[in-house]
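J.: sharing a model prediction with you, sequence too.
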Amino acid sequence: MGSASRNKILVFCQEFDPQVDYTISLLKRFGVECIRWPTNTFPLKSSLAINFREGAYAGAAKIGERQFDFREIRSAWYRHPAPYAFPADLSVDDRRFVEREVREAFAGFMQIAQWFWVNHPDKARIAASKILQLKVAQSLGFEIPETLITNDSVEAELFFNKCDQQMVYKAFGPGFFIESGKVLCTSPVSRENLKDLALLKSTPGIFQRIVQKRLDLRITVIGRRVFATEIHSQGNPKSVNDWRAVPAEQLPHAQHKLPHRIETLCLRFLRRFGLVYGAIDMVLTPEGRYVFLENNPSGQFGWIEYQTGAPLTATLARLLVAGEMV
């Protein structure tokens, strides 16, 4: 493989993603070439080739008819990759083997790729742990809700009473059920719900004391820049506990000025995980306290730009072009 300059940006994504489309169009206006890699094309419609020899390694990939050398890539945006695709006629054992081999090969290639990552998938995977997030946030000085994580129904009921019956349940993951289209939002737990706590034996849950809200905050961190957005969720009874329960366009949004201390803590939080992008959810209480809830290492941001005019896409594009923290 011949010499190559690092002047391209690689985007790992799904085949349909309007945010990726818009970001790539902006990068093209900056004069930067982008390579889009829908990960569901691997391994049937895209391929890898990594050679270790003479004390070094070289790598290349092919997506359809397009081929690129690893050394051409300056930055990689690990957006929302789609599941890998496999032949439909595999036996159960063969599919298990193929899935493992594909997963290991793709993960290994990303681990050795020496690019500027937004965010590196290994770091994003670790940072997605809600338990670890709470521990790190607390250690940095964020206020967090009083929380219990358990699969013990007795412990959950004791916590419910300790919270004066002001408790919510939330899932560890995003809570999207693809087949049914349902979304599992943060939900209040009532005395009547306690009879269902036996389900915890098979599905542990996160329980938190309800934090009274003036409004919700989505804090988008891109490189060294912090964009805080108010989500006025308390005027709609469906979004009191979780603003995701209603379409975002139905809730008023506004840009928000964070106190310097909170902004600094947000930056420190991401650096602790080695991230350069994050979407932090917080609560502003009626008394003016900022309470950390969680962080999504690859959270959506397009609707915020549409609602508030904050230059999120341009900031991300400049970060990718720079190939370093800006």
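T.: In hand now; what should we look at?

J.: every contact and neighbour count from this point should use C-alpha atoms.
T.: Noted.

J.: my guess is Q19 meets G299, correct?
T.: No: applying C-alpha atoms under 8 Å, one finds Q19 not in contact with G299, separated by 11.5 Å.

J.: okay, and the common contacts of these two?
T.: Counting by C-alpha atoms under 8 Å, 6 or more residues apart in numbering, Q19 and G299 have no shared contacts at all.

J.: mean confidence for the one helix or strand Q255 maps to?
T.: Assigned by DSSP states H and E, Q255 falls within strand 253-256. Taken as a whole, strand 253-256 carries a mean pLDDT of 97.

J.: which of the residues in it are buried?
T.: Neighbour-count burial for strand 253-256 flags H253, A254, Q255 (criterion: 16 or more other C-alpha atoms under 10 Å).

J.: starting at the chain centroid, how far to that strand?
T.: In terms of C-alpha atoms, centre = their mean, to the nearest Å, the centre of strand 253-256 is found 21 Å from the chain centre.

J.: tell me which residues in the very next helix or strand once past it are buried?
T.: Per DSSP H and E, the first helix or strand lying C-terminal to strand 253-256 is helix 260-273. For helix 260-273, a neighbour-count test (16+ other C-alpha under 10 Å) marks E263, C266, L267, R268, F269, L270, F273 as buried.

J.: give me the contacts around helix 260-273.
T.: Contacts for helix 260-273 (C-alpha under 8 Å, 6+ apart): 123-124, 126-127, 136-137, 140-142, 221, 224, 226, 276-278, 280, 290.

J.: list the buried ones in the helix or strand K123 falls within?
T.: Per DSSP H and E: K123 is located in helix 121-127. Residues of helix 121-127 classed as buried: P121, A124, A127 (neighbour count, 16+ other C-alpha under 10 Å).

J.: need the per-residue pLDDT for the last one.
T.: Put plainly, it is A127. 97.

J.: next one: the first one
T.: The predicted local distance difference test score for P121 is 96.

J.: for it, list the residues it contacts.
T.: Here P121 is in contact with Y78, M110 (criterion: C-alpha under 8 Å, 6+ apart).

J.: pull the longest helix belonging to the chain out as CSV, backbone CA atoms only.
T.: As assigned by DSSP state H, the longest helix anywhere in the chain is helix 92-112. Presented in CSV, the C-alpha positions along helix 92-112 are these (Å, rounded to 0.1, in the frame of the first residue of the first chain):
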residue,chain,number,x,y,z
VAL,A,92,-27.6,-22.1,14.8
ASP,A,93,-24.0,-23.2,15.6
ASP,A,94,-22.6,-21.6,12.4
ARG,A,95,-24.3,-18.3,13.1
ARG,A,96,-23.0,-18.3,16.6
PHE,A,97,-19.5,-18.8,15.3
VAL,A,98,-19.8,-16.2,12.5
GLU,A,99,-21.2,-13.6,14.8
ARG,A,100,-18.4,-14.0,17.2
GLU,A,101,-15.7,-13.9,14.6
VAL,A,102,-17.2,-10.8,12.9
ARG,A,103,-17.6,-9.0,16.2
GLU,A,104,-14.0,-9.8,17.2
ALA,A,105,-12.5,-8.8,13.8
PHE,A,106,-14.3,-5.5,13.6
ALA,A,107,-13.6,-4.6,17.2
GLY,A,108,-9.9,-5.5,16.8
PHE,A,109,-9.6,-3.4,13.7
MET,A,110,-11.1,-0.4,15.5
GLN,A,111,-8.7,-0.9,18.5
ILE,A,112,-5.6,-0.6,16.4
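
J.: give the next helix or strand downstream of it.
T.: With DSSP H and E setting the assignment, the helix or strand that follows helix 92-112 is strand 116-118.

J.: show me what that next one is packed against.
T.: When contacts are defined as 3 or more C-alpha pairs under 8 Å, 6 or more residues apart in numbering; DSSP states H and E, strand 116-118 packs onto strand 73-78.

J.: what do you get if the cut-off is 10 Å, keeping everything else the same?
T.: The helices and strands touching strand 116-118, judged by 3 or more C-alpha pairs under 10 Å, 6 or more residues apart in numbering; DSSP states H and E, are strand 8-13, strand 73-78, strand 277-284, helix 312-322.

J.: in JSON lines: these, plus distance to F109 and mean pLDDT.
T.: Formatted as JSON lines, the helices and strands packed on strand 116-118 follow (distance: least, C-alpha to C-alpha, whole Å; pLDDT from 0 to 100):
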{"stretch": "strand 8-13", "distance to F109": "13", "mean pLDDT": "96"}
{"stretch": "strand 73-78", "distance to F109": "13", "mean pLDDT": "97"}
{"stretch": "strand 277-284", "distance to F109": "22", "mean pLDDT": "98"}
{"stretch": "helix 312-322", "distance to F109": "20", "mean pLDDT": "96"}
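
J.: among the ones you listed, which comes closest to K195?
T.: strand 277-284 (29.5 Å; C-alpha to C-alpha).

J.: which strands or helices does the closest one pack on?
T.: Using 3+ C-alpha pairs under 10 Å, 6+ apart, strand 277-284 is in contact with strand 116-118, helix 121-127, strand 215-222, strand 225-231, helix 260-273, strand 290-296.

J.: great, nothing more from me.
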